[in-house]
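Student: Fold the following, please.
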Amino acid sequence: MLGDNVALPFGIAPTGFTRLMHTEGEIAGARAAARAGIPFSPFDAGHSSIEDVKDANAYGRNWFQLYMWKDRERSIALVDRAATAGFDTLLVTVDVPVAGARLRDNPQRHVHPSDG
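Tutor: Numbers count the residues shown, from 1 in each chain. The predicted structure follows:
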């Protein structure tokens, strides 16, 4: 897959708030990917450092996900850091050029769960 061997034709995609699902967050996901022989990609704003994720999946494939920030130098610095840590693939996320209109996040409008 994407130029290298993997045990299965899929990987673990970037997921936000992983520590809500497991106390070790991205580290648990990286370890699971290592055991399964599949790539792992942490969320770029995750709880664990790039280096800790690589250590948890030291011999496996690690892909780095990047949302391009307005501060391009900061974005490039993250990419360089991931490359230095040994991440072998860059995933550039471009699906959110503008934040969505999530009414539940608007403090001016309280939505009761029964309102749908």
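
Student: contacts, neighbours, all on C-alpha from now
Tutor: Will do.

Student: Quick check: Ser75 vs Ile12, distance?
Tutor: 22 Å (Cα to Cα, to the nearest Å).

Student: scratch that, Lys54
Tutor: Taking Cα to Cα, one finds Lys54 at 14 Å from Ile12.

Student: biggest helix in the protein, by residue count?
Tutor: Longest helix in the chain, counting residues (DSSP state H): helix 72-85.

Student: ok, and what's touching it?
Tutor: The contact list for helix 72-85 (Cα atoms under 8 Å, 6 or more residues apart in numbering) reads Ile50, Glu51, Lys54, Phe64, Leu66, Tyr67, Met68, Trp69, Leu90.

Student: Then stretch 53-60?
Tutor: So stretch 53-60 is in contact with 26-28, 30-31, 33-34, 37-39, 42, 62, 85-87, going by Cα under 8 Å, 6+ apart.

Student: As a check, name the ranges of all helices in this protein.
Tutor: Using DSSP H, helices in the chain cover 26-36, 50-56, 72-85.

Student: closest to Asp4 out of those?
Tutor: Closest approach to Asp4 among the helices of the chain (Cα to Cα): helix 26-36, 14.7 Å.

Student: before we move on, the earlier item: please indicate which of the contacts of helix 72-85 are buried?
Tutor: Among the contacts of helix 72-85, those classed as buried by 16 or more other Cα atoms under 10 Å are Ile50, Glu51, Lys54, Phe64, Leu66, Tyr67.

Student: can you count the residues close to Gly25?
Tutor: Residue neighbour count, defined by other Cα atoms under 10 Å, stands at 20 for Gly25.

Student: How about the contacts made by the residue most central in space within the chain?
Tutor: In the chain, the residue lying closest to the centroid (Cα atoms, centre = their mean) is Phe43, at 1.8 Å. Neighbour list for Phe43: Pro14, Thr15, Gly16, Phe64, Gln65, Leu66 [criterion: Cα under 8 Å, 6+ apart].
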